[in-house]
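[1] no FASTA, just this:
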């Protein structure tokens, strides 16, 4: 079959892309090492599970998945809107922040448009910018933190369409004050939008989360049920944005894309704030454990307002070796930032107390052998 | 705040789009009529639910949604590949066929490229083509069926990049022989790809589903768990495509986009073929009921190889009026095709026996009042 041997012709943007994948998943690592992971603390998944109320709601919804979801997400968006004191029409649901980042880039970035972010920030955002033909411009982390001043200057100088900022930040765990976020917004060039990724908001100090008018066209704020709510695998997050922007998203978003189980689970989880508060406390305890462990081993950790801690191994070589040994010798999954100077660290998600104990043992052995 | 009053600048493709939504959902209709639907048989959702094995798997997965899904969907893709006797790398998962249609259009269609489909075929495909700047070119249904000969001619004449064909077809329920599908493939112009949407394959006569080499670059075949498998709200489907194309999709697809609950449920559902066979038999019985009901009322139905029946009301006015009365007076949700000549029909999904009895009563009243 000669036709079958010919290669399809792809769209120009796709043709120009390299073959990259944002993350190698733990399941692929298990297939690589030929065994089940003993401790899975690399993807900032919540070790504390979803709320029992959310689980019950998702289990009930599982028997009703023969019905499509409500593509308007009416009930859940109402609940989210109440929580943020905004209108329902300021809220758009997505299949996780990843989905919303893709939607945002597609909505605002023409091929060749510039998009600013810290060098080494969330790879999936960069994946979408590249995927829609945007040009990434970067500014380095400074003292292992985002530099909002430099991001603003970069955005002005390069006339960026979007600026991405994760606050609290991944992969460092750091956070910046809400006042600095507001200052960055004021410095954005005309027509530029701050993509404010607050995936870790539940773990953040209150002053890191400034009040922002939902109708401010300079900011789109992102939240997720993947982290403190323990629903990463359900795929649900949301953006708070001006109503006119939410209506614009309706022109291209996947209307039925946020699954029914996730919508029901998220609604129930919003109704269980005590559970979330308990997760936040447990995570704080866990971060303390990791900090003490590192300190015992003569290592620094980066301050964290998230559900993970970046442990400074002192060099890329040592960090890479530690990550590799943790995986191959201890079946412990952690990740490390991909870009200097952060790639001297490994990033360890807060596990349950038994997982932390297992990690501590494994990590002591690995560090001793470095 | 003057800045807040300014409107954001959208990407060119988005700016050019009208504000349309592919479907008004039943939940929005309930909000409009101010009551709960009595019978929900408008969206071709399976009235027979998911397999009990799938429900059990999804309920177990619900307690584990704190973990992301496997973005490689390794285990499920292996199972799907075995079923189709293709390689795992010929299979790509998506959050339903809708998601895969978007991925396909984005992968192959540059702005201005032409895409061929029957006039009145799946609105969500048209939504994606418009969304990525493609130009739709159409050929009408002939005798309430897709006309593969005309589609092939249109594709050649307009040098289409993609041709969309749903077989069995929505919204008519009709099907064409596999030999006609193969003939269409042979007639495609160089570099053109047939998007073969087989969402209703489980209900189809065997001869409607031709053998196609998965490495044939001229065809991408789509299947879903939304219909016979009763998992529409879970959001999971797949494409069978050449391996090189599947690798290309990896450059842009939402890697973590197919949720964990859906992956587990789909895997379990594939392991319960007896359940699916039972659904197919129950649907066949239900189609017979609808055909007899229509016949009693002096109405024709279109032949169907799907889980719905298009009932011919004889005119757009009567069809529109019947749909409106069913909704407003009977709280019965059905849909109707949007485009002539199909818009003389209403499309009624096969319900459970009690739902069919309720529909029959309501429909008799409505038709008597037309």
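    In hand now; what should we look at? Everything quoted here is computed from the prediction, not taken from an experiment.
[2] How about the residues of the stretch 251-370 of chain A by chain B?
    A:251, A:252, A:254, A:255, A:256, A:257, A:259, A:260, A:261, A:262, A:265 (CB under 8 Å from any CB of the partner chain). Placement of C-beta: from N, CA and C, glycine included.
[3] Of these, which is the nearest to chain B?
    For these, the closest approach to chain B (CB to the nearest CB) belongs to residue A:260, at 3.2 Å.
[4] And for residue A:186, the neighbour number?
    9 (other CB atoms under 10 Å in any protein chain shown).
[5] how about the strands in the stretch 1-150 of chain A?
    With DSSP state E, counting those that start in this stretch, the ranges of strands along the stretch 1-150 of chain A come out as A:39-40, A:91-94, A:114-118, A:135-139.
[6] can I get the ones you listed in TSV with mean pLDDT and distance to residue B:30?
    Formatted as TSV, these follow (pLDDT from 0 to 100; distance: least, CB to CB, whole Å):
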stretch	mean pLDDT	distance to residue B:30
strand A:39-40	98	41
strand A:91-94	98	19
strand A:114-118	98	41
strand A:135-139	98	44
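[7] Any idea which of those gets closest to chain B?
    Nearest of these (CB to the nearest CB): strand A:39-40, 7.2 Å.
[8] So which elements touch that closest one?
    When contacts are defined as 3 or more CB pairs under 8 Å, 6 or more residues apart in numbering or on different chains; DSSP states H and E, strand A:39-40 packs onto strand A:332-333, helix A:353-368.
[9] Tell me which of the ones you listed is the most buried.
    With neighbours taken as mean count of other CB atoms under 10 Å in any protein chain shown, the helices and strands packed on strand A:39-40 reach their highest mean count in strand A:332-333, at a mean of 24.
[10] Counting by contacts, list what that one packs against.
    Short answer (3+ CB pairs under 8 Å, 6+ apart): strand A:332-333 packs on strand A:39-40, helix A:316-330, helix A:353-368.
[11] most neighbours, which of the residues of the stretch 251-370 of chain A next to chain B?
    Among those, residue A:261 has more neighbours than the rest - 35 neighbours, counting by other CB under 10 Å.
[12] who are the neighbours in contact with that one?
    By CB atoms under 8 Å, 6 or more residues apart in numbering or on different chains, the contact list for residue A:261 reads A:58, A:61, A:62, A:65, A:234, B:58, B:62, B:233, B:234, B:259, B:261, B:262.
[13] Check whether stretch A:212-224 comes into contact with chain B.
    Yes - using CB under 8 Å from any CB, we find that stretch A:212-224 touches chain B at A:213, A:215, A:216, A:217, A:218.
[14] just how off-centre is that stretch within its chain?
    17 Å (CA atoms, centre = their mean, to the nearest Å).
[15] Now do the buried residues in that stretch.
    By neighbour count on 16 or more other CB atoms under 10 Å in any protein chain shown, the buried set for stretch A:212-224 is A:212, A:214, A:215, A:216, A:217, A:218, A:219, A:220, A:221, A:222, A:223, A:224.
[16] hey, where'd the helices end up in the stretch 101-250 of chain A?
    A:123-131, A:148-157, A:178-187, A:243-249 (DSSP state H, counting those that start in this stretch).
[17] For the helix or strand just after the last one, give the mean pLDDT please.
    Past helix A:243-249, further along toward the C-terminus, the next helix or strand under DSSP states H and E is helix A:260-270. In this model, helix A:260-270 has an average pLDDT of 98.
[18] Helix A:260-270: what's the following helix or strand?
    helix A:273-296.
[19] quick one: residue A:268 and residue A:54 touch, right?
    Yes - the pair residue A:268 / residue A:54 is scored as a contact, 4.6 Å apart, by CB atoms under 8 Å.
[20] If you count surrounding residues, which of those two has more?
    Legend: neighbour count by other CB under 10 Å for residue A:268 and residue A:54, higher for residue A:54 (30 against 24).
[21] Please give me every residue in contact with the more buried one.
    Counted by CB under 8 Å, 6+ apart, residue A:54 has contacts A:229, A:230, A:231, A:265, A:266, A:268, A:269, A:272.
[22] export the residues you listed to CSV and tack on distance to residue B:83?
    Listed next are the contacts of residue A:54 as CSV, based on distance: CB to CB, whole Å:
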residue, distance to residue B:83
A:229, 35
A:230, 33
A:231, 30
A:265, 30
A:266, 33
A:268, 35
A:269, 35
A:272, 40
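[23] of the residues you listed, closest to residue B:8?
    Nearest to residue B:8, judged by CB to CB, of the contacts of residue A:54 is residue A:266 at 26.6 Å.
[24] residues near the closest one, how many?
    28.
[25] Contact partners for it?
    A:54, A:76, A:225, A:229, A:231, A:234, A:236.
[26] Any chance of a ChimeraX selection covering the buried ones in these?
    The buried residues among the contacts of residue A:266 can be selected in ChimeraX (16+ other CB under 10 Å) with this line:
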select /A:54,76,225,229,231,234,236
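[27] Switch the contacts of residue A:266 over to a markdown table; also include distance to residue A:101.
    Converted to a markdown table, the contacts of residue A:266 look like this (distance: CB to CB, whole Å):
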| residue | distance to residue A:101 |
| --- | --- |
| A:54 | 24 |
| A:76 | 20 |
| A:225 | 16 |
| A:229 | 18 |
| A:231 | 18 |
| A:234 | 17 |
| A:236 | 14 |
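[28] export the contacts of residue A:266 to TSV and tack on pLDDT?
    Formatted as TSV, the contacts of residue A:266 follow (pLDDT from 0 to 100):
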residue	pLDDT
A:54	98
A:76	98
A:225	98
A:229	98
A:231	98
A:234	98
A:236	98
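[29] you'd agree residue A:72 is up against residue B:26?
    No - with contact defined as CB under 8 Å, residue A:72 does not reach residue B:26; the gap is 10.8 Å.
[30] Sounds good, over and out.
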